[in-house]
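A.B. asks: The sequence and its predicted three-dimensional model are supplied below.
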Amino acid sequence: MFVRESTGLVKAAGFTDVVSINIANMSVGVAIAIVGFTLASLPTVAGVNPVYASLIAALLAIPQVIMYTVLIRYVPRVGGDYVWLSRALGPRLAWLVNGLVLGFIVQDLAYYALVAIAGVYQVESILPTLGINVSFSTWLMVAIASLFFTIIVVVNILGTKYGIRLMTGLTLFSITSLVISLVILFITPRSLIISRINQLLPSGFSYSGVASKYSGSFFSLGPTLMMLPFFAIFIYPWLNAGPAIASEVKGRNALQWNLPISFIIALLLTTLSFTALYDALGFRFTMAALSNSQLNSTINYWTVAMAASGNPIIQWIIAIGSVTWYLALLAYGAIVAVRYWFALAFDRVWPSLLTHLSPRFGSPIYAHLIDLAVTVTLITLAGVFYGTFTALYGATVGALMYFMAVGIGAVLIGVGKRLSMGRGLRATLTVSGALTTAVMAYLTYQFLAYPSIWGGNWLAYGVVAGAVVLGIVAYTVSRIVNIRRYGIDIAITYTEIPPE
């Protein structure tokens, strides 16, 4: 029933690679750089505490970590959660699965567009701290963002192993730069950091003046919960990278432990980063500066760490690391999104051309080119019509709905007998799937209830809704064509686990 008897992909990802791709997926360095743009859009930041918001968001993500860890162990296939969901819901709901997964894929591509544009913003924000003043026009921003992703896609086309090595290298350097910045912020005396930040602030602003603008408590639960969608956009639900390349992972330990280890590292890096900012600059100044639209393009985690170091060499290491977080995420994206296209085509829903592996490079070249075309288009639309990456925040709804469906699928697998696992593990999978579904439903509500904060606009919602409809139509058409032309009902593929 499948395109061929094996995927043709090889086990090219080791333990470090699969942990790196998960951490790149959770994009800690990107989140701490642009959190100010979200804080500035909240009705109030009084009582908002990103440290506690990070801990709460991580707590809510634990059921998903458990669910994915169980399923990747028993069904390590290319496309990961698409395979789990489609086999759990079966032939009757295959049309729905295809709609949801295409919505998820296009949301991913919208996210890569968001990150590519945000990466240009980051370059623009760090250069003045290095003594380089520059400003990018809209079209130059679009061109640079498109170039970022194009280079990474080309590397992946030249060979999957090169794409994985590039992603791992970028991620490891990014983590190293973040650890260096954390050490600097924790060990440098606050008085010295404040004096250096006063030099970084634009004319008319001072440390004491900015700090005095904040009025509110250190922590209030209601306002802090308003930050949960931010973490949903960037960090904790994003556990699908390792599962998506599971059939290419070398070693049983790498399969079983990559998600918990990646999750813990991301949690520590995120929470410590916000804690370091408060320790270095005080809570009041940090919140007032990050939520001020006149300052948050100048003051962010990375520029503060650069200024605090006072050492040109360290400043350059931190600056480069702040940008490589964006590139690492794009490198992850170039690898993972293609695996979903591959899995859909392997099930005969999309043309088998997307499963074609270049005889010369061993990479799915046509799937890569589709990703590139769609992402560059979204970069252009977001840049020209909105001028900001936050215009694509709302597309996250597509991912949340997909993760919600995966949670339902896990419940069905847990209560059914499709996989051979013990009673205790089935109960664990059922409970974690149900909790994941509830969490994703809550986060979806948060996005839809506050569209002005979370990028609810025709572009973000339109691309996701259009993708869902396209996925349903593509499955329906493909099923009819395959029945009439080849006498094959592709719905039957959803009763079997695909080969590796």
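C.D. replies: Cool, got the structure.

A.B. asks: my read: I197 touches V304, true?
C.D. replies: Yes: counting by Cβ atoms under 8 Å, a contact exists between I197 and V304, whose distance comes to 6.7 Å. C-beta coordinates here come from the backbone N, C-alpha and C atoms, glycine included.

A.B. asks: Show me where the stretch 151-300 of the chain has its strands.
C.D. replies: With DSSP state E, counting those that start in this stretch, there are no strands along the stretch 151-300 of the chain.

A.B. asks: sorry, back to before: who has more neighbours out of I197 and V304?
C.D. replies: V304 (27 against 23; other Cβ atoms under 10 Å).

A.B. asks: if we can go back for a sec, mutual contacts of I197 and V304, please.
C.D. replies: When contacts are counted by Cβ atoms under 8 Å, 6 or more residues apart in numbering, the set common to I197 and V304 consists of L281.

A.B. asks: Convert the C-alpha atoms of the lowest-mean-pLDDT helix or strand in the chain to CSV, please.
C.D. replies: For the chain, using mean pLDDT, DSSP states H and E, the weakest element among its helices and strands is helix 365-385, scoring a mean of 81. The C-alpha atoms that make up helix 365-385 are tabulated as CSV, following Å, rounded to 0.1, in the frame of the first residue of the first chain:
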residue,chain,number,x,y,z
ILE,A,365,15.0,17.6,-2.9
TYR,A,366,11.5,18.4,-4.1
ALA,A,367,10.0,18.5,-0.6
HIS,A,368,12.8,21.0,0.4
LEU,A,369,12.0,23.2,-2.6
ILE,A,370,8.3,23.3,-1.6
ASP,A,371,9.2,24.4,1.9
LEU,A,372,11.5,27.1,0.6
ALA,A,373,8.8,28.5,-1.8
VAL,A,374,6.1,28.6,0.8
THR,A,375,8.3,30.1,3.5
VAL,A,376,9.7,32.8,1.3
THR,A,377,6.2,33.7,0.3
LEU,A,378,5.1,34.1,3.9
ILE,A,379,8.2,36.1,4.8
THR,A,380,7.3,38.5,2.0
LEU,A,381,3.6,38.8,2.9
ALA,A,382,4.3,39.4,6.6
GLY,A,383,7.1,41.9,5.9
VAL,A,384,5.2,43.9,3.2
PHE,A,385,1.7,43.9,4.7
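
A.B. asks: Give me the helices and strands touching it, please.
C.D. replies: Using 3 or more Cβ pairs under 8 Å, 6 or more residues apart in numbering; DSSP states H and E as the contact criterion, the elements in contact with helix 365-385 are helix 94-126, helix 138-157, helix 312-346, helix 458-486.

A.B. asks: can we see that at 6 Å?
C.D. replies: Helices and strands in packing contact with helix 365-385 are listed as helix 94-126, helix 138-157, helix 312-346; criterion 3 or more Cβ pairs under 6 Å, 6 or more residues apart in numbering; DSSP states H and E.

A.B. asks: Select, out of those helices, the one closest to S432.
C.D. replies: Judged by Cβ to Cβ, the one of those that comes nearest to S432 is helix 94-126, at 19.5 Å.

A.B. asks: The closest one - what's its average pLDDT?
C.D. replies: Per-residue pLDDT values over helix 94-126 give a mean of 86.

A.B. asks: Same check on stretch 5-14?
C.D. replies: 79.

A.B. asks: start the count at 48, not 1, going forward
C.D. replies: Sure, I'll start numbering at 48, so the last one becomes stretch 52-61.

A.B. asks: in it, what counts as buried?
C.D. replies: Along stretch 52-61, these residues count as buried under the neighbour rule (16 or more other Cβ atoms under 10 Å): T54, L56, A59, A60.

A.B. asks: Run through who's touching that stretch.
C.D. replies: Counting contacts by Cβ atoms under 6 Å, 6 or more residues apart in numbering, the residues outside stretch 52-61 that touch it are V125, T207, K208, I211, I292, E295, V296, K297, L404, P546.

A.B. asks: Pull up the distance across that stretch, start to finish.
C.D. replies: Using Cα to Cα, to the nearest Å, the gap from the first to the last residue of stretch 52-61 comes to 24 Å.

A.B. asks: okay, the helices and strands packed on helix 412-432 in JSON lines with distance to T218 and mean neighbour count next?
C.D. replies: As requested, these are arranged in JSON lines below (distance: least, Cβ to Cβ, whole Å; neighbours: other Cβ atoms under 10 Å):
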{"stretch": "helix 141-173", "distance to T218": "14", "mean neighbour count": "25"}
{"stretch": "helix 185-204", "distance to T218": "13", "mean neighbour count": "20"}
{"stretch": "helix 359-393", "distance to T218": "4", "mean neighbour count": "24"}
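
A.B. asks: so which of these comes closest to I68?
C.D. replies: Proximity of these to I68 was assessed by Cβ to Cβ; the nearest stretch is helix 359-393, lying at 5.2 Å.

A.B. asks: packing partners for the closest one?
C.D. replies: With contacts defined as 3+ Cβ pairs under 6 Å, 6+ apart, the packing partners of helix 359-393 are helix 62-73, helix 75-86, helix 141-173, helix 185-204, helix 207-234, helix 288-291, helix 348-356, helix 412-432.

A.B. asks: After the least confident helix or strand of the chain, which helix or strand is next?
C.D. replies: The first helix or strand that comes after helix 412-432 along the chain, using DSSP states H and E, is helix 443-462.

A.B. asks: Just after that following helix, pick out the following helix or strand.
C.D. replies: Toward the C-terminus, helix 443-462 is succeeded by helix 470-496 as the next helix or strand (DSSP H and E).

A.B. asks: Buried residues of that following helix, list them for me.
C.D. replies: For helix 470-496, the neighbour count (16+ other Cβ under 10 Å) marks 473, 475-484, 486-487, 489-491, 493-494 as buried.

A.B. asks: swap in stretch 253-268?
C.D. replies: In stretch 253-268, residues buried by neighbour count (16+ other Cβ under 10 Å) are Y254, V257, A258, Y261, G263, S267.

A.B. asks: residues in contact with stretch 104-111?
C.D. replies: L275, F278, Y283, L286, L314, S479, L482, T483, V486.

A.B. asks: 7 Å instead, please
C.D. replies: L275, F278, Y283, P284, L286, L314, S479, L482, T483, V486 (Cβ atoms under 7 Å, 6 or more residues apart in numbering).

A.B. asks: Also stretch 500-518?
C.D. replies: By Cβ under 7 Å, 6+ apart, the residues outside stretch 500-518 that reach it are 88-89, 145-150, 153-154, 157, 276, 425, 428-429, 432, 437-442, 444-445, 494.

A.B. asks: again, only this time at 6 Å
C.D. replies: Residues from elsewhere that reach stretch 500-518 (Cβ under 6 Å, 6+ apart): 88, 145-146, 149-150, 153-154, 157, 276, 428, 437-442, 445, 494.
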